[in-house]
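**Student:** I would like to see how this sequence folds:
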Amino acid sequence: MTAPAGTPPPKFADAARAALADTQLRRNLHNATATIRERRAAAAGELPDWEELRAAGAAIKDRTLLNLDRYLEELERAVTDAGGTVHWAATAAEANRIVTRLVRATGQREVVKVKSMVTQEIGLNEALAAAGITARETDLAELIVQLGDDRPSHILVPAIHRNRAQIRELFLRAMPGAPADLTDEPAALAAAARAYLRERFLAAEVAVSGANFMVAETGTMVVLESEGNGRMCLTLPETLITVAGIEKVVPTWEDLEVFLQLLPRSSTGERMNPYTSTWTGVTPGDGPREFHLVLLDNGRTKALADEVGRAALRCIRCSACLNVCPVYERTGGHAYGSVYPGPIGAILTPQLRGVKAAQPASLPFASTLCGACTDLCPVKIDIPEILVHLRGEVVEARRHRPVPTPELALMRTAAWTMADPRRYEAALRRGTRWARLLSRGGRIRRLPGPLGKWSDARDLPAPPAQSFRAWWREREGGR
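**Tutor:** Sure, this is the predicted structure:
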């Protein structure tokens, strides 16, 4: 499921074409997202002030982002005062070096991990493996992905693209100690994973986590999860290393209260998630003896400088936008070529990676702009607005290429043609003649040459035999 080392991921349209041919994948995605949508709608509908909570969440995020430097410095002081150590990482490579150094300092060669998208973003598992350190995923879905040498395809449910029969086969093939008579019943699969992970928890000396939120006023880290594996990782090891994006900070516990209502309902459709773990620095005799916080930038300050695009940094990773997106439901997450799939990935990834490379530049176009994502976003991110904004950035970046793209050359030719009435009239006559020759049954189903990419996804109505201009001249001349 992964491209060879050094090979850039394909553009969205190419990856999506392969995904659309996988009927089992489409069934898996439809069944899972439909269930999550129903649960989310029921949970959100219970609160009479749901829209007020969404507005409050957006306002808190915007206020924090506009004063991010101040809140991060406050967070660093609070973590340090509580006995933790704060590290700053400008890039993914720097963050990986810091974590690798910290693990090596313990003398350990294995770490357990809490589900963390930011560590996937920076490729931490691969960096640790290159240093001879094994990272063990402990979230059930992440474990499935790791055992299958796969990639996550959903923010909340990384293994959403697999059904339980496929998971049973994977466990029998790749999980040491899986019972030979294992069935595909969810309880049996969970029990097999529990037995496998228990040994890892009890032997672990080092754990790595992300953070859903960081409270600046007290230096507290917050992780929300539903299986209890996170609680085991956060309490049993001697050393705990948390890697978090700088946008995850919230000013106060009062602000956190808003998000603890928004996130569970928007993600799993629950009133409250089963496990909310919070920890502040180091407490003698209770939990890890060392705590390290790695604050990651990796393109976030660049996104922050974009007045339109910065709203993407409000995201609380609930995945509600994925579950209502008609494009995601048909292609799945792998087609996005990023740890952040779906609508939020289509706006976040190009800002973190830039739009000069072909793959991230393709993501703003991976949308129908229907707006369903914005209607459900718990922090009111206007995803279609940012998609259109980023499409403009992609086009602008292409203007400065030494050799123009076929699309840009075509647009420049069209602009030259339309700038002169006589050229436009001549092109219209010739174009209409050729278009009618290509039509069948009043539709043009395939355009020639590079234009064929446009007609791959849509039919073009055949032009009428007489143009409006010709009709108008006849009408006026007959008076």
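**Student:** ok, now which ones touch the residue most central in space within the chain?
**Tutor:** When C-alpha atoms, centre = their mean is applied to the chain, the residue found nearest the centroid is Tyr340 (1.7 Å). Residues counted as contacts of Tyr340 (C-beta atoms under 8 Å, 6 or more residues apart in numbering) are Met117, Glu121, Ile155, Leu348, Thr349. No exception for glycine: its C-beta is placed from N, CA and C like everyone else's.
**Student:** how about it, secondary structure?
**Tutor:** Following DSSP: H, G, I helix; E, B strand; the rest coil, Tyr340 is assigned to coil.
**Student:** cool, and Trp471?
**Tutor:** helix.
**Student:** residues near it, how many?
**Tutor:** Neighbourhood size, Trp471 [other C-beta atoms under 10 Å]: 11.
**Student:** tell me the pLDDT of it.
**Tutor:** Trp471 is assigned 83 on the pLDDT scale.
**Student:** switch to numbering from 28
**Tutor:** Sounds good: first residue 28 from here, last item Trp498.
**Student:** so how far is Ile371 from it?
**Tutor:** For Trp498, the distance to Ile371 equals 48 Å [C-beta to C-beta, to the nearest Å].
**Student:** how far does the worst-scoring helix or strand of the chain on mean pLDDT sit from the chain's center?
**Tutor:** The helix or strand with the lowest mean pLDDT-type score in the chain, counting by mean pLDDT, DSSP states H and E, is helix 479-482 (a mean of 71). Distance of helix 479-482 from the chain centroid (C-alpha atoms, centre = their mean, to the nearest Å) equals 28 Å.
**Student:** any chance you could map the strands in the stretch 128-277 of the chain?
**Tutor:** 137-140, 161-164, 233-236, 240-242, 247-252, 266-272, 276-277 (DSSP state E, counting those that start in this stretch).
**Student:** and the shortest one, what's its mean pLDDT?
**Tutor:** Taken as a whole, strand 276-277 has an average pLDDT of 98.
**Student:** run me through the strand neighbours of whichever helix or strand comes after the least confident helix or strand of the chain, direction for each.
**Tutor:** Counting by DSSP states H and E, the element after helix 479-482 in chain order, helix or strand, is strand 487-488. The strands beside strand 487-488 in its sheet (DSSP bridges) come out as strand 470-471 (antiparallel).
**Student:** contacts for the partner strand, please.
**Tutor:** Strand 470-471 is contacted from outside by Ala462, Leu465, Ser482, Asp486, Leu487, Pro488, Ala489, using C-beta under 8 Å, 6+ apart.
**Student:** gap between that strand and the chain center?
**Tutor:** With C-alpha atoms, centre = their mean, you get 37 Å for strand 470-471.
**Student:** again, but for stretch 171-189
**Tutor:** Counting by C-alpha atoms, centre = their mean, stretch 171-189 comes out at 13 Å from the chain centroid.
**Student:** can I get that stretch as CSV, trimmed to CA atoms?
**Tutor:** Extracted as CSV, the C-alpha positions of stretch 171-189 are listed here (Å, rounded to 0.1, in the frame of the first residue of the first chain):
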residue,chain,number,x,y,z
ILE,A,171,-4.2,-3.3,12.2
VAL,A,172,-2.5,-0.8,9.9
GLN,A,173,0.9,-1.6,11.2
LEU,A,174,0.5,-5.3,11.0
GLY,A,175,-0.6,-5.0,7.4
ASP,A,176,2.3,-2.8,6.4
ASP,A,177,-0.5,-0.4,5.4
ARG,A,178,-1.3,3.3,5.7
PRO,A,179,-4.1,4.9,7.7
SER,A,180,-7.1,5.9,5.5
HIS,A,181,-9.2,7.9,8.1
ILE,A,182,-8.4,10.3,10.9
LEU,A,183,-10.6,8.6,13.5
VAL,A,184,-10.7,5.0,12.2
PRO,A,185,-7.4,4.4,10.4
ALA,A,186,-8.4,0.9,9.3
ILE,A,187,-11.8,1.9,8.0
HIS,A,188,-10.9,0.5,4.6
ARG,A,189,-10.8,-3.1,6.0
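**Student:** for it, what is the average pLDDT?
**Tutor:** Stretch 171-189 carries an average pLDDT of 91.
**Student:** got it, and stretch 114-131?
**Tutor:** 98.
**Student:** surely Leu167 touches Ala217?
**Tutor:** Yes - if you go by C-beta atoms under 8 Å, Leu167 and Ala217 touch, sitting 6.7 Å apart.
**Student:** which one of these two is surrounded by more residues?
**Tutor:** Between Leu167 and Ala217, counted using other C-beta under 10 Å, the more crowded position is Leu167 (22 against 12).
**Student:** need the contact list for the more buried one.
**Tutor:** Going by C-beta under 8 Å, 6+ apart, Leu167 touches Ala217, Ala220, Glu254, Asn256.
**Student:** can you pick the most crowded of the residues you listed?
**Tutor:** Neighbour counts for the contacts of Leu167 (other C-beta under 10 Å) peak at Asn256, which has 25 neighbours.
**Student:** ignoring the adjacent residues along the chain, who's closest to that one?
**Tutor:** Thr165 (4.0 Å; C-beta to C-beta, 6 or more residues apart in numbering).
**Student:** now do Met259
**Tutor:** Phe228 (4.5 Å).
**Student:** list the residues that contact the one you found.
**Tutor:** Val139, Thr165, Asn256, Met259, Cys260, Leu263.
**Student:** rerun at 10 Å
**Tutor:** Contacts for Phe228 were tallied using C-beta atoms under 10 Å, 6 or more residues apart in numbering; they are 139, 163, 165, 221, 234, 255-256, 258-260, 262-264.
**Student:** quick check: Leu290 vs Leu323, distance?
**Tutor:** From Leu290 to Leu323 the distance is 20 Å (C-beta to C-beta).
**Student:** got CSV for the contacts of strand 470-471, with neighbour count and distance to Phe286 too?
**Tutor:** Output for the contacts of strand 470-471, formatted as CSV (neighbours: other C-beta atoms under 10 Å; distance: C-beta to C-beta, whole Å):
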residue, neighbour count, distance to Phe286
Ala462, 15, 54
Leu465, 15, 55
Ser482, 16, 46
Asp486, 14, 46
Leu487, 16, 47
Pro488, 10, 49
Ala489, 17, 54
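**Student:** okay if I get the residues you listed as a markdown table plus distance to Pro278?
**Tutor:** Formatted as a markdown table, the contacts of strand 470-471 follow (distance: C-beta to C-beta, whole Å):
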| residue | distance to Pro278 |
| --- | --- |
| Ala462 | 60 |
| Leu465 | 61 |
| Ser482 | 52 |
| Asp486 | 53 |
| Leu487 | 53 |
| Pro488 | 55 |
| Ala489 | 60 |
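**Student:** any idea how far apart the tips of stretch 330-345 sit?
**Tutor:** Start-to-end span of stretch 330-345 (C-alpha to C-alpha, to the nearest Å) is 20 Å.
**Student:** buried ones in that stretch?
**Tutor:** 330-331, 333, 336-345 (16 or more other C-beta atoms under 10 Å).
**Student:** doesn't Pro315 lie inside a strand?
**Tutor:** No - going by three-state DSSP, the assignment for Pro315 is coil, not a strand.
**Student:** what sits against it?
**Tutor:** Applying C-beta under 10 Å, 6+ apart, we find Pro315 in contact with 111, 232-234, 260-268, 306, 308-309.
**Student:** now the buried members of those.
**Tutor:** By 16+ other C-beta under 10 Å, the contacts of Pro315 give 111, 232-234, 260-261, 263-264, 266-268, 306, 308-309 as buried.
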